[in-house]
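K.L.:
Give me coordinates for this.
(chains A and B)
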Number of protein chains: 2
Amino acid sequence: MVAPLRPLSRDEVAARLTDSLFAPGSHFPDTAEVHDWLAGLSRRTWMKTRRAGLDELTGWVREPDTGFLRHHTGRFFSVEAVSVERDDAVVASWRQPIINQPEIGILGILVKEIDGVLHCLVQAKQEPGNPGGGLQLSPTVQATRSNYTGVHKGRSIPYLRYFREPAGHRVLVDIRQSEQGAWFYRKRNRNMVVEVDEPVPLADGFCWLTLRQLAELLTVPDLVNMDTRTVLACLPGGGRYWTNSVASRSGDDFRAALARSADPSAPSVHTTDEVLSWITEARTRTDLRVHRTPLRGLPGWREKDGVISHHSDRFFSVVGVHVEAEGREVGAWSQPMIEPVGTGVIAFVVKEIGGVLHVLTHARTEPGYADVVELAPTVQCTPENYELLPDAARPRFLDEVLRSTRVRFDTVLSEEGGRFLTAQNRYLIVETDTDVAVDDPHYRWLTLSQYDELLRHSFYVNIQARSLLLCLRSLAVV
Amino acid sequence: MVAPLRPLSRDEVAARLTDSLFAPGSHFPDTAEVHDWLAGLSRRTWMKTRRAGLDELTGWVREPDTGFLRHHTGRFFSVEAVSVERDDAVVASWRQPIINQPEIGILGILVKEIDGVLHCLVQAKQEPGNPGGGLQLSPTVQATRSNYTGVHKGRSIPYLRYFREPAGHRVLVDIRQSEQGAWFYRKRNRNMVVEVDEPVPLADGFCWLTLRQLAELLTVPDLVNMDTRTVLACLPGGGRYWTNSVASRSGDDFRAALARSADPSAPSVHTTDEVLSWITEARTRTDLRVHRTPLRGLPGWREKDGVISHHSDRFFSVVGVHVEAEGREVGAWSQPMIEPVGTGVIAFVVKEIGGVLHVLTHARTEPGYADVVELAPTVQCTPENYELLPDAARPRFLDEVLRSTRVRFDTVLSEEGGRFLTAQNRYLIVETDTDVAVDDPHYRWLTLSQYDELLRHSFYVNIQARSLLLCLRSLAVV
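P.N.:
Predicted structure coming up:
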């Protein structure tokens, strides 16, 4: 019987995580070894994804009335459609397919002290939608409720028990967060980080990495997967110790301003209560009406050759795939996926104000959000989609981002490969001198410390902003 | 042009509110004068409420298919019905009528420094459901969106502009909170407190009171109305200054423990992150399915003589009223109301642990909650309703509360008189020595400071617990 871990104060947790952000790893002391390890795994791992018509997917059925596409067991997810009305938007109404996945899954990362430093247990995993079919670094556990309450009760999912029965261990993160509200109808996953203080056998395909190593790997295209990014983003990522540690490293003014941004006592443009009031106003003002509507014959969309696409061939399509894989619970399956058109641009515009780095934050509405509005990156769009729309719809700050000469981060990362086929976004962090009106209804300047506080709660910070926050924090060491 | 008020830190706001909690009022230096003022108003105010059948209500229509009862304009609210399924509950499924009021209204209290102390502007207001038709102390503004976006644009609602256009003033509270999830389907109101620093003309029926005076008036039955209680509960009600101020007053061990409970640095049984994880687990685990179902012919309910009642004559009825009033925008109207059967018991069981007062908090599910579970009082029920239910359904701690000899607060207060007819609850705070398992899935010990933090966000603390928190804080001075 191992003694239960004593709960720590948030400051204590933050300090230990900060140490991990500065520590080379024990498992792979040189991060280059991670790439060798991945290359070795790639040679032994095998997944083949082949396109198939939506009506050829084994195990998937169309509902007679609506044309909704669901698994014959009623589990996993379904492809449905919604009509969306927003009085205040340039495009005030539209219809679209959307994925309905009401179950709350677990995205869990196990952490453990190795040589006195916290390491994260990540899994090199293939998903059918990963660009090039490559391995990506996933959380320790990605499990839907169907996975772990089904016939196997999740016995086949390694490490799941730490997240299902965390008593005696130390829960560092445990919060439901939303995912893409443009493609998912109110999907939430439970983001968890659990620290253990007992021997953990290392399964094949898993490795222990420090936050420093993960920060470095974030600059590699399509490597750290979306689920890993959202879970890591929910870790305490600031506090006085973080600020002092980052500030004491060599660096330029940018890093000094970044360090101060994570200090809760540093001056901010808005108080946190003002930020919360701004969110309340946006959520109260925005009149978003989302209703289910039949997928079959959806106006504006066509179904042809087993693919559902927009008449303009923009936005995204719903496609089917057959998957064959080695080393998975199930060796072959079929499923629908969302395939976006084009590569998105997801950017934080940041600025030093009073010596403190601030992020220009957008109050964004998406049809699938549980609570109308979430805080999004300054820019989040697929530029090609706007070529057909009125000029007034062109995203603010997009041109500034694309023309910026002060780029601090620029890496293409991909979204969840279990639902999205080759969904890639260019994640950018650019500095600006732009001013924004202090009472602009749609934008506010926030500090890292304010994000740190908001991320303790559900549905404030959207998944794209969570990824970028992780990238921004990584600039403290990379 | 008055200079805009500088935003204050939360600590600064909390300190000024603490001073108000210790200050006799300037407007009515002796709180007894409030009663004289109310008595004078009562003689000049007039409201007559008369029962009427649901099918006799002018302006209200039944939807042909469902029997839902709605206003012919589509505004205000409607009476609908839901089927509820909860796998984990003793009563695993039922059907019930429910009020659907999707608009987010404003509950706003204006505050202003008078003689250096913050005073709250409250209105003495009659509502058809108030017990005995009496005046109650309401917020400065209670306005539905229909009120303020309708033909009059709210011009006739005094003081509304401070809440609609708060720029230049100081927003102390601005957060959407839920209301009774047993009677309302996902109703949320925007709880606001706005401080002004300009001359405010005093309209008839309004007066300025300090938090001290409101604390005293909370011990008067049916006087401080539900909307005032929820708004005041959302004010910062703790911090080091509060603790020191309360501790320095004469008092017993209870008050000393209460003082420490509001100190964020005082030891608590659980860390706030543990509390948040417990909420996440409850919201993930609870499988609540709520679907609209026809009100007409609702199984388990009967409609007779224009009243919808449960077959057992317990729980509540849906009734109609005709109202005639002087001094309202509209002089006469009809409306449906919910009339509960019996007086409820709403109680905090509190305990000094390590010198710090803790509140035993229940993770409660109600069909109308936006997010499955909210934090509720230790006990929240109408005891008579349980006489017909299995013993296993009897609320935990109810008997302990009813038999307690260590009662710190005991006042009957009423719920929203605009929707509920004579809905009264006995609000109790009782001390205990009871132990509760540290990992009980349904209960946790929380400090006042932890509540203070949670109340900055939506949908954590239910409306009954918000009322009781206000009562608990009032024990610092009453």
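K.L.:
Now do the SS call for residue A:396.
P.N.:
coil (DSSP: H, G, I helix; E, B strand; the rest coil).
K.L.:
Return the residues in contact with it.
P.N.:
A:379, A:442-443 (Cβ atoms under 8 Å, 6 or more residues apart in numbering or on different chains). The way it works is simple: take the backbone N, C-alpha and C, and place the C-beta from them, glycine included.
K.L.:
switch to 10 Å and redo it
P.N.:
Applying Cβ atoms under 10 Å, 6 or more residues apart in numbering or on different chains to residue A:396 gives the contacts A:349, A:360, A:362, A:378-379, A:436, A:440, A:442-443.
K.L.:
so what's it scoring on pLDDT?
P.N.:
We have a pLDDT of 95 for residue A:396.
K.L.:
and if you look at residue A:4?
P.N.:
On pLDDT, residue A:4 comes in at 77.
K.L.:
Pull the number of nearby residues for the nearest residue to it once chain neighbours are set aside.
P.N.:
Leaving aside its chain neighbours, residue A:4 sits nearest to residue A:168 (4.1 Å; criterion: Cβ to Cβ, 6 or more residues apart in numbering or on different chains). Residue A:168: 15 surrounding residues under other Cβ atoms under 10 Å in any protein chain shown.
K.L.:
if we can go back for a sec, for the contacts of residue A:396, which one is nearest chain B?
P.N.:
residue A:440 (12.1 Å; Cβ to the nearest Cβ).
K.L.:
The residue in the stretch 201-350 of chain A that chain B sits nearest to: what secondary structure?
P.N.:
Nearest residue of the stretch 201-350 of chain A to chain B, counting by Cβ to the nearest Cβ: residue A:277, 3.7 Å away. Classification of residue A:277 by three-state DSSP places it in helix.
K.L.:
ok, now which ones touch it?
P.N.:
Residue A:277 neighbours (Cβ under 10 Å, 6+ apart): A:270-271, B:7, B:166, B:171-175, B:190, B:192, B:194.
K.L.:
OK, contacts around the closest residue to residue A:6 other than its chain neighbours?
P.N.:
Closest residue in space to residue A:6, ignoring its immediate chain neighbours: residue A:170 at 7.8 Å, by Cβ to Cβ, 6+ apart. By Cβ under 10 Å, 6+ apart, the residues touching residue A:170 are A:4-8, A:13, A:111, A:193-197, B:273-274.
K.L.:
Recalculate using a threshold of 8 Å.
P.N.:
Counted by Cβ under 8 Å, 6+ apart, residue A:170 has contacts A:5-8, A:194-197.
K.L.:
So which of the residues you listed belong to strands?
P.N.:
If you go by DSSP state E, those have A:194-196 in strands.
K.L.:
Most neighbours among the residues you listed, please name it.
P.N.:
residue A:194 (25 neighbours).
K.L.:
Enumerate every residue touching it.
P.N.:
By Cβ under 8 Å, 6+ apart, the residues touching residue A:194 are A:108-111, A:162-163, A:166, A:169-172.
K.L.:
can you do 10 Å?
P.N.:
A:5, A:108-112, A:121, A:140-141, A:159, A:162-163, A:165-166, A:169-174, B:277.
K.L.:
Give me the buried entries from these.
P.N.:
For those, a burial check counting by 16 or more other Cβ atoms under 10 Å in any protein chain shown picks out A:5, A:108-112, A:121, A:140-141, A:159, A:162-163, A:166, A:169-174, B:277.
K.L.:
re the thing from before, measure the residue nearest to residue A:6 to residue B:330 for me?
P.N.:
59 Å (Cβ to Cβ, to the nearest Å).
K.L.:
May I see the buried residues of the host helix or strand of residue A:335?
P.N.:
Counting by DSSP states H and E, the element that carries residue A:335 is strand A:332-340. The neighbour-count check on strand A:332-340 (16+ other Cβ under 10 Å) flags A:333-340 as buried.
K.L.:
Can you spell out which helices and strands pack onto that strand?
P.N.:
strand A:47-52, strand A:60-62, strand A:69-71, strand A:78-86, strand A:93-100, strand A:307-310, strand A:316-325 (3 or more Cβ pairs under 10 Å, 6 or more residues apart in numbering or on different chains; DSSP states H and E).
K.L.:
for the stretch 101-250 of chain A, what spans make up the helices?
P.N.:
Under the criterion DSSP state H, counting those that start in this stretch, helices of the stretch 101-250 of chain A are mapped to A:145-149, A:160-164, A:211-217, A:226-233, A:240-247.
K.L.:
Could I get the ones you listed in JSON lines, plus columns for mean pLDDT?
P.N.:
Output for the helices of the stretch 101-250 of chain A, formatted as JSON lines (pLDDT from 0 to 100):
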{"stretch": "helix A:145-149", "mean pLDDT": "78"}
{"stretch": "helix A:160-164", "mean pLDDT": "96"}
{"stretch": "helix A:211-217", "mean pLDDT": "98"}
{"stretch": "helix A:226-233", "mean pLDDT": "98"}
{"stretch": "helix A:240-247", "mean pLDDT": "96"}
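K.L.:
dump the residue contacts of residue A:242.
P.N.:
For residue A:242, the contact set (Cβ under 10 Å, 6+ apart) comprises A:11, A:14-15, A:17-18, A:21, A:236, A:259, A:261-263, A:448-449, A:452, A:473, A:476.
K.L.:
ok, 6 Å please
P.N.:
A:18, A:262 (Cβ atoms under 6 Å, 6 or more residues apart in numbering or on different chains).
K.L.:
Please list the residues of the stretch 51-200 of chain A that sit near chain B.
P.N.:
Proximity of the stretch 51-200 of chain A to chain B (Cβ under 6 Å from any Cβ of the partner chain) is limited to residues A:104, A:171, A:174-176, A:190.
K.L.:
cutoff 7 Å now
P.N.:
A:104, A:167, A:171, A:174-176, A:190 (Cβ under 7 Å from any Cβ of the partner chain).
K.L.:
Can I get these in JSON lines including distance to residue A:325 and pLDDT?
P.N.:
Output for these, formatted as JSON lines (distance: Cβ to Cβ, whole Å; pLDDT from 0 to 100):
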{"residue": "A:104", "distance to residue A:325": "25", "pLDDT": "93"}
{"residue": "A:167", "distance to residue A:325": "34", "pLDDT": "90"}
{"residue": "A:171", "distance to residue A:325": "32", "pLDDT": "97"}
{"residue": "A:174", "distance to residue A:325": "30", "pLDDT": "98"}
{"residue": "A:175", "distance to residue A:325": "31", "pLDDT": "98"}
{"residue": "A:176", "distance to residue A:325": "29", "pLDDT": "98"}
{"residue": "A:190", "distance to residue A:325": "25", "pLDDT": "98"}
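K.L.:
Just those residues: which are in strands?
P.N.:
Using DSSP E, the members of those that fall within strands are A:171, A:174-176, A:190.
K.L.:
ok, and what's touching stretch A:363-372?
P.N.:
A:82, A:84, A:86, A:98, A:178, A:181-182, A:184-188, A:278-279, A:282-283, A:286, A:288, A:290, A:373-376, A:380, A:442, A:459, A:462 (Cβ atoms under 7 Å, 6 or more residues apart in numbering or on different chains).
K.L.:
switch the cut-off to 8 Å
P.N.:
Contacts of stretch A:363-372 with the rest of the structure, by Cβ under 8 Å, 6+ apart, involve A:82, A:84, A:86, A:89, A:96, A:98, A:178, A:180-188, A:278-279, A:282-283, A:286, A:288, A:290, A:373-376, A:380, A:441-444, A:458-459, A:462, B:370-371, B:458.
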